[in-house]
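*Asks:* Next comes the sequence, and after it the predicted model I'd like to discuss.
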Amino acid sequence: MKDLGHLRYFLRIMVVYSSSEYLLSQKKYISDMLQHATLANASFATSPPVTTPMELHLKLRQSDGDPLPNPTRYRELVGALIYFSATRPDISYVVHTLSQFMAMPTTVHYDTMLRLLLYLQGTITRSLLFPSESSLMLRAYTDAGWVDDLDTRRSTTGYCIFLGSSLLSWRSKRQHRVSRSSTKAEYCVIADTTLEIHWLRHLLHDLGVSIPSLVPLYCDNTSAIQNASNPVPMAGVHGLHKA
């Protein structure tokens with residue numbers, strides 16, 4: 001073992017810090033990938049950046065468009081995008097959607113991926129901020145997209161967990177089963193988020209951080225809140241609120 005000095009760059013993640021905050025960024029890695037995309041696609045070089053990672057209300061299907069003659073490039077870029085989401089929670093949902101078509105991507109899926117790259121081009125300086133003076137209080141927010149996968153009719157789990165003002169954990173993932181109601185889809189998200197809260201509490205405890213036994217969890221579905229609150233409260237979660 002040897003002391004390598006202050007952490008600056010690790011696993012393609014840049015670390016910038018001062019006495020008041022820490023910043024995690026993958027700016028250099030994203031820049032390298034965008035340059036590679038520009039060399040491989042002439043139209044991408046002349047396209048203007050976009051302000052959203054995905055078109056509003058867009059729902060992709062496996063049968064959309066024509067199959068790509070060589071899907072290798074699509075898989076490589078989506079694989080890189082999956083790693084980008086480690087510091088860019090704003091692209092998690094789109095990357096989750098694109099990764100579902102890795103086996104047989106089409107021209108429509110490829111165009112959606114290029115739009116995401118244009119979004120990254122315009123937001124390349126965005127970083128994860130961790131203020132050093134942030135409070136050590138956990139809070140969680142949940143949501144679900146009901147049957148938004150048109151091929152499987154499964155819902156999408158989405159949550160984010162903050163430690164004070166620092167975003168600590170987030171997720172966008174297709175649920176394992178078909179939910180027959182939006183209430184069930186939201187309730188499944190609450191259950192998954194509760195497990196993540198328990199894991200984070202144990203991790204922080206190992207790091208010497210004391211977390212209160214009751215952690216607020218926010219949900220925007222009234223029926224799911226009522227089901228989670230009655231008749232037995234969920235262990236470790238307190239104060240379910242309608243956001």
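*Replies:* Received it, and whenever you're ready, just let me know what you need.
*Asks:* all contacts plus neighbour counts: C-alpha atoms, from now on.
*Replies:* Fine.
*Asks:* Residue 218 reaches residue 140, doesn't it?
*Replies:* Yes: the pair residue 218 and residue 140 qualifies as a contact (Cα atoms under 8 Å) at a distance of 6.1 Å.
*Asks:* Neighbour count: these two, which is higher?
*Replies:* A count of neighbours by other Cα atoms under 10 Å puts residue 140 above the other of residue 218 and residue 140, at 25 against 20.
*Asks:* Are we agreed that residue 171 is in a strand?
*Replies:* Yes: the assignment for residue 171 (DSSP: H, G, I helix; E, B strand; the rest coil) places it in a strand.
*Asks:* got a list of what residue 91 touches?
*Replies:* 53, 85, 116 (Cα atoms under 8 Å, 6 or more residues apart in numbering).
*Asks:* Assign it to helix, strand or coil.
*Replies:* When classified by three-state DSSP, residue 91 comes out as helix.
*Asks:* Quick check: it vs residue 103, distance?
*Replies:* 21 Å (Cα to Cα, to the nearest Å).
*Asks:* pLDDT weak spots in this protein?
*Replies:* Applying pLDDT under 70 to the chain picks out residues 39-45, 231-243.
*Asks:* okay, now the domains of it?
*Replies:* 9-122, 135-242 (automatic domain parsing).
*Asks:* And the longest one, end to end?
*Replies:* Terminal residues of domain 9-122 are spaced 23 Å apart (Cα to Cα).
*Asks:* One more: stretch 56-75?
*Replies:* Span of stretch 56-75 from end to end, Cα to Cα: 24 Å.
*Asks:* on that earlier part again, which one of the contacts of residue 91 is nearest to residue 1?
*Replies:* residue 85 (30.6 Å; Cα to Cα).
*Asks:* Distance to residue 128 for the domains of the chain - can I get that in a markdown table?
*Replies:* As requested, the domains of the chain are arranged in a markdown table below (distance: least, Cα to Cα, whole Å):
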| stretch | distance to residue 128 |
| --- | --- |
| domain 9-122 | 5 |
| domain 135-242 | 8 |
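*Asks:* Nearest to residue 129 among those domains would be which one?
*Replies:* Of those, nearest to residue 129 by Cα to Cα is domain 9-122, at 4.9 Å.
*Asks:* next one: the closest one to chain centre, how far?
*Replies:* Mean C-alpha position of domain 9-122 versus that of the full chain (Cα atoms, centre = their mean, to the nearest Å) differs by 13 Å.
*Asks:* list the helices and strands the biggest helix by length in the chain packs on?
*Replies:* For the chain, the longest helix by residue count, based on DSSP state H, is helix 182-206. Helices and strands touching helix 182-206, by 3 or more Cα pairs under 8 Å, 6 or more residues apart in numbering; DSSP states H and E, are strand 138-145, strand 156-163, helix 222-229.
*Asks:* Which residue is the nearest non-sequential neighbour of the residue nearest to the spatial centre of the chain?
*Replies:* The chain has residue 92 as the residue nearest its centroid, 3.1 Å off, counting by Cα atoms, centre = their mean. Excluding the flanking residues, the one nearest residue 92 by Cα to Cα, 6 or more residues apart in numbering is residue 85, at 5.7 Å.
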